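Enquirer: Based on what follows, work out the 3D shape:
(2 chains)
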Amino acid sequence: MRIGGSQAAATATAKNDAAASIRQTSELEQKVGGIFLSLRLAVYRYLLGVVGRREEAEEITQEVFLSLYTTLQKGTNIANCRAWIFRVAHNMAINFQKRPAVVESVQESEWQRLCESRKDPSGDGEQRLLADERHQRVGKAMERLSPQERHCLNLRAEGLCFREIADVLGIRISTVETFIDRGIKKIARELNES
Amino acid sequence: MSHKQIPPDGGWHPSDRELLLYVNGELRAKQSRKFQTHLRGCWACALRHDRMAGAITAFMRGRESALIECDFPEPADCKFEVKLSQLADKTRKAQRSSWVRLAEWLRAPGFAKLAATAAVVAIITFIGFRLSSVPSVSAREILNRAELAESSRLQAHVSPVLHERLRVTRRLPGRQAAESVAWESWHDAHNKRFSQKIDTSSAEDRQLSPESPPRKKETRKTGEVHSVVDELTTILESNHMDPRRPLSASGFSAWHSSLREPAEGIDEARLSDGRRALNILTSVAEPFSTDSIVKAALLVREQDWHPVELHLQVSLPDGLHDYEVSETQFEVVALHTLSPSIFETLLQPAVPPTLAATPVIPDAMIAESRIVSLELAVQQHLHSVKACLGEEIDFVRTPAGPLEVRGIVENSERRDEILRALAVLPEVKARFQTSAEADTAVTPSASYQNSLPEPGLPGDQPAGADSALYKYLLRHFVQKPGLLAEQKNQGEPIMLSAGLQALKFSNKMVSLSQAAYAEAWALRRLVERYTQPGGLNLTPDGWAILQTLIRDHVEQLSKIIQQCEGLAVPVLSPLLEGRQLSSHDANRETDWQTWPSGSMRLFETTIEADRLINSLIEESRSEERLPETVRSLLSTLVQIQREARTVATQVSQAKVEPIPARIAGKNSK
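Expert: This next block holds a predicted model:
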């Protein structure tokens, strides 16, 4: 690049350049803000299922969307934004889990909490017992799921199709089918055994 | 007992994998229909389906209950916004060009600055020479910026019309003289209209300066297309570029993307008015095919990322032809500022035959929201022929055009019906195959073939004939014969046997449930496709279509459920032994905040009703539990009606908000 024309012209050109870049940055900020608002809950819920603790899930959720901003800022083209976000979330969560002192899976604690909360004295006792029993059984079945089965079911529950799940977890679609099939059968077996 | 409604599928039963794909909406349309037909007749498979759906529902319920208090905390929302803002600020600071700082510094008063200025200029000039013509920007980035800039220009108007004047010059091999024409065009982005005018100053014209007016203007007569333009549009078309917008970043980008390993470079240039520009140079390795572009250079003005000149070298049978397209005027104007005659009479017939009367939205003019709106227009036409209820149809954005619709349908009649519906959108390519063409034969699972019973023959009892419901229905219809009486052609009523009435009742319930299931999935697909990610990013037209589609599906679903209630209540309500359904029976809240979440809830409730109907027909072996299942079903039907009303109201009242407004709204909380 070289300086051409008067100082005033150079100043004006440079200011225009800077203004254009800054405008683009602001647009990107708004775009990522919008994506965050629409997907943060789904990502957070998925992460809760993987890392188990709310604080970490919150933290990772934020990191995922900041990472999205940084990636888009670099001009990288992201074809499927939702799948990309879940993939990054999943990878961050797995990296988090590799750290020492990971606490127990959320399912167990959340199910305990849920079962406790359902022991409300109001309502029909028999029905309540049945409902509790059913939830206990589902909870038990969920504890029996392998991590991969749980990831697949949780991603499916957040609305991802098989292809997207395969993309997020880096596995084949047929493997996703197998994991989901096994997971559902475990739950069905638990429900039907009673 | 008649079993005539069982499909003649030769003993085929779906495998577990196929059932899984069906329940997850992952099955191809033909297979899906085969399933639906099969499940209607085969109660054993309906039971397997029901068990799987039941397990999924249990999982979802359990998960939802576990996560019920796990909303993303508002402080974390704020934290994120602060972090994002800080990150963006950091980027903005980095982007604050050193040139700006230098320029500001240069303006500062003081004697020392003169000396410093001289030194700095010397250093920068030296560095400039060393690093000349190596800007740290890629062709892709320049093209992206140019596409974005054009979208922004178009979005500045409600009904934008893009007006261009171009000079197109052709140089033939072995000839010194160049042929040049002026090409003026108007693109009405909103109404998808295109008009053009071709002027030629002379057949042989060496005066190529964009500022020089043609020596002798001659408007082409109706039906004539100048050979230069004609040839160029053919070349552009065959190279994935937009034939109506030769000078567009998106057209260049589409061609660029179609190349395998192009050699590319970026040069800096100065325009004749002194403004800076970047030249994207791309060349293709041999061998060249006929009509292919072998070299191209797109000159993009740096100030506003606007393409101003295009050079093409094209391989033709008689050698390499050179084309130069340079812009002499460009503006985006509001439609109302133009004379209506431009699009009514102005040389419409002069459009090349391949493009005549084709209201095209060129790539460059289509912002993301407009493509989505176009897609919604396609959805609307598919909806008009009920092709939105589970047939295998995909939307693909191709470099050659804004949108391509692909699908596999059952037979050629259905294909023709869909193609007729889409014919009104000529800018959309439609490629449909029949199932036979797609060769999607289903291989039945041997294990299930062996383990499941053969479908019943006429006169057999239906599968599930020992179910509690069937026993109840038999008793009910014995007591109330003729409730489902048919009419003969002569109008004489036929009294059906209790068994046949029970079968007809079950089949009708399953059929209605399947119809509701299809509507619910159609609703869910719309919500998932057009509300994520980033929220609604639609033009007003697109939003109006989406509203209509959502309302249609909700209303249709509501009608089906009403029919279901009309059928079920008289027959099944005696099981409740006089206890009317109370409001407590259908008391799930309907106070969700947005119509998308309400639609998803409606979907779930409909799936639950489908599960209950299947469960009622197939699974309830014990008559003791029958009243409870019936109560759940009837209350779920009531709940669906309630949820449908709420969603219909919400979607009617909803307005599209731009993303910044949504963020501002969130911040203000």
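
Enquirer: what about residue B:273, is that helix, strand or coil?
Expert: Going by DSSP: H, G, I helix; E, B strand; the rest coil, the secondary structure assigned to residue B:273 is coil.

Enquirer: Quick check: closest non-adjacent residue to residue B:548.
Expert: With sequence-adjacent residues excluded and distances taken as C-beta to C-beta, 6 or more residues apart in numbering or on different chains, residue B:548 is closest to residue B:380, at 7.0 Å. For every residue, glycine as well, the C-beta is placed using N, CA and C.

Enquirer: Just confirm that neighbour contacts residue B:544, I think it does.
Expert: No: proximity of residue B:380 to residue B:544 does not meet the contact threshold set by C-beta atoms under 8 Å, at 9.8 Å.

Enquirer: Could you check which of the two is surrounded by more residues?
Expert: Each of residue B:380 and residue B:544 has its neighbours counted (other C-beta atoms under 10 Å in any protein chain shown); residue B:380 has more, 18 against 15.

Enquirer: Enumerate the residues of the stretch 201-350 of chain B near chain A.
Expert: Where proximity means C-beta under 8 Å from any C-beta of the partner chain, the interface of the stretch 201-350 of chain B facing chain A comprises B:268, B:270, B:274, B:276, B:302, B:303, B:304, B:305.

Enquirer: What's the local residue count around the first one?
Expert: By that I understand residue B:268. Residue B:268: 16 surrounding residues under other C-beta under 10 Å.

Enquirer: and it, how far is that from residue B:336?
Expert: When C-beta to C-beta, to the nearest Å is the yardstick, residue B:268 and residue B:336 sit 40 Å from each other.

Enquirer: And the fifth one, by the same measure?
Expert: When distance is defined by C-beta to C-beta, residue B:302 is 32 Å away from residue B:336.

Enquirer: out of these two, which sits in the busier spot?
Expert: For residue B:302 versus residue B:336, neighbours defined as other C-beta under 10 Å are more numerous around residue B:302 (21 against 10).

Enquirer: Go through whatever helix or strand residue A:85 lives in and flag the buried ones.
Expert: Here residue A:85, judged by DSSP states H and E, is contained in helix A:81-98. Of the residues in helix A:81-98, those scored as buried under the neighbour-count criterion (16 or more other C-beta atoms under 10 Å in any protein chain shown) are A:81-93, A:96.

Enquirer: so what secondary structure elements neighbour that helix?
Expert: Helices and strands touching helix A:81-98, by 3 or more C-beta pairs under 8 Å, 6 or more residues apart in numbering or on different chains; DSSP states H and E, are helix A:7-51, helix A:54-73, helix A:162-169.

Enquirer: quick one, domains of chain A?
Expert: Using automatic domain parsing, the domains assigned to chain A come out as A:7-98, A:106-193.

Enquirer: Pipe these into a markdown table and attach mean pLDDT per row.
Expert: A markdown table is the format used below for the domains of chain A (pLDDT from 0 to 100):
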| stretch | mean pLDDT |
| --- | --- |
| domain A:7-98 | 82 |
| domain A:106-193 | 74 |
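
Enquirer: And those: which comes nearest residue B:325?
Expert: domain A:7-98 (24.9 Å; C-beta to C-beta).

Enquirer: Mind checking what helix or strand follows the worst-scoring helix or strand of chain B on mean pLDDT in sequence?
Expert: Between all helices and strands in chain B, the lowest mean by mean pLDDT, DSSP states H and E belongs to helix B:446-451, at a mean of 34. Tracing the chain C-terminally past helix B:446-451 and defining elements by DSSP H and E, one meets helix B:468-479 next.

Enquirer: Buried residues, that next one. List them.
Expert: Buried residues in helix B:468-479, counting neighbours by 16+ other C-beta under 10 Å, are found at B:468, B:469, B:470, B:471, B:472, B:473, B:474, B:476, B:477.

Enquirer: so what does that helix touch, helix or strand wise?
Expert: Counting by 3+ C-beta pairs under 8 Å, 6+ apart, the elements that helix B:468-479 packs against turn out to be helix B:498-530, helix B:626-653.

Enquirer: was I right about residue B:419 contacting residue B:429?
Expert: No: counting by C-beta under 8 Å, residue B:429 is not a contact partner of residue B:419; they are 10.9 Å apart.

Enquirer: just to revisit the earlier point, I'd like to know which of the domains of chain A lies nearest to residue B:73.
Expert: Within the domains of chain A, the stretch nearest residue B:73 is domain A:7-98; the backing value is 6.6 Å (C-beta to C-beta).

Enquirer: can you give me the offset of the closest one from its chain's centre?
Expert: 13 Å (C-alpha atoms, centre = their mean, to the nearest Å).

Enquirer: Dump the buried residues of helix B:468-479 into a markdown table; add distance to residue B:27 and pLDDT as well.
Expert: Converted to a markdown table, the buried residues of helix B:468-479 look like this (distance: C-beta to C-beta, whole Å; pLDDT from 0 to 100):
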| residue | distance to residue B:27 | pLDDT |
| --- | --- | --- |
| B:468 | 31 | 77 |
| B:469 | 28 | 80 |
| B:470 | 29 | 76 |
| B:471 | 34 | 77 |
| B:472 | 33 | 82 |
| B:473 | 31 | 81 |
| B:474 | 35 | 77 |
| B:476 | 36 | 79 |
| B:477 | 35 | 76 |
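
Enquirer: on that earlier part again, show me which of the buried residues of helix A:81-98 is closest to residue B:185.
Expert: Nearest to residue B:185, judged by C-beta to C-beta, of the buried residues of helix A:81-98 is residue A:81 at 34.2 Å.

Enquirer: From the centre of chain A outward, give me the first residue you hit.
Expert: residue A:43 (2.5 Å; C-alpha atoms, centre = their mean).

Enquirer: That one against residue A:62, yeah?
Expert: No: if you go by C-beta under 8 Å, residue A:43 and residue A:62 don't touch, sitting 9.8 Å apart.

Enquirer: Which residues does the helix holding residue A:85 contact?
Expert: Defining contact as C-beta atoms under 8 Å, 6 or more residues apart in numbering or on different chains, one finds that helix A:81-98 is touched by A:35, A:39, A:43, A:46-47, A:50-51, A:56, A:60-61, A:63-65, A:67-68, A:78, A:102, A:151, A:155, A:158, A:160, A:164, A:167-170, B:532-534.

Enquirer: Pull out the buried members of those.
Expert: Using 16+ other C-beta under 10 Å as the threshold, A:35, A:39, A:43, A:46-47, A:50-51, A:56, A:60-61, A:63-65, A:67-68, A:151, A:155, A:158, A:160, A:164, A:167-169, B:532-534 are the buried ones among the contacts of helix A:81-98.

Enquirer: Show me where the stretch 351-500 of chain B dips below the pLDDT cut-off.
Expert: Applying pLDDT under 70 to the stretch 351-500 of chain B flags residues B:351-369, B:398-402, B:435, B:438-467, B:480-498.

Enquirer: What segments of it are helices?
Expert: Secondary structure of the stretch 351-500 of chain B (DSSP state H, counting those that start in this stretch): helices at B:368-384, B:412-422, B:435-438, B:446-451, B:468-479, B:498-530.

Enquirer: Any chance of these in JSON lines with distance to residue B:78 as columns?
Expert: JSON lines is the format used below for those (distance: least, C-beta to C-beta, whole Å):
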{"stretch": "helix B:368-384", "distance to residue B:78": "28"}
{"stretch": "helix B:412-422", "distance to residue B:78": "47"}
{"stretch": "helix B:435-438", "distance to residue B:78": "51"}
{"stretch": "helix B:446-451", "distance to residue B:78": "54"}
{"stretch": "helix B:468-479", "distance to residue B:78": "54"}
{"stretch": "helix B:498-530", "distance to residue B:78": "28"}
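
Enquirer: which one of those helices lies closest to residue B:311?
Expert: Each of the helices of the stretch 351-500 of chain B was scored for nearness to residue B:311 using C-beta to C-beta, and the closest is helix B:368-384 (28.9 Å).
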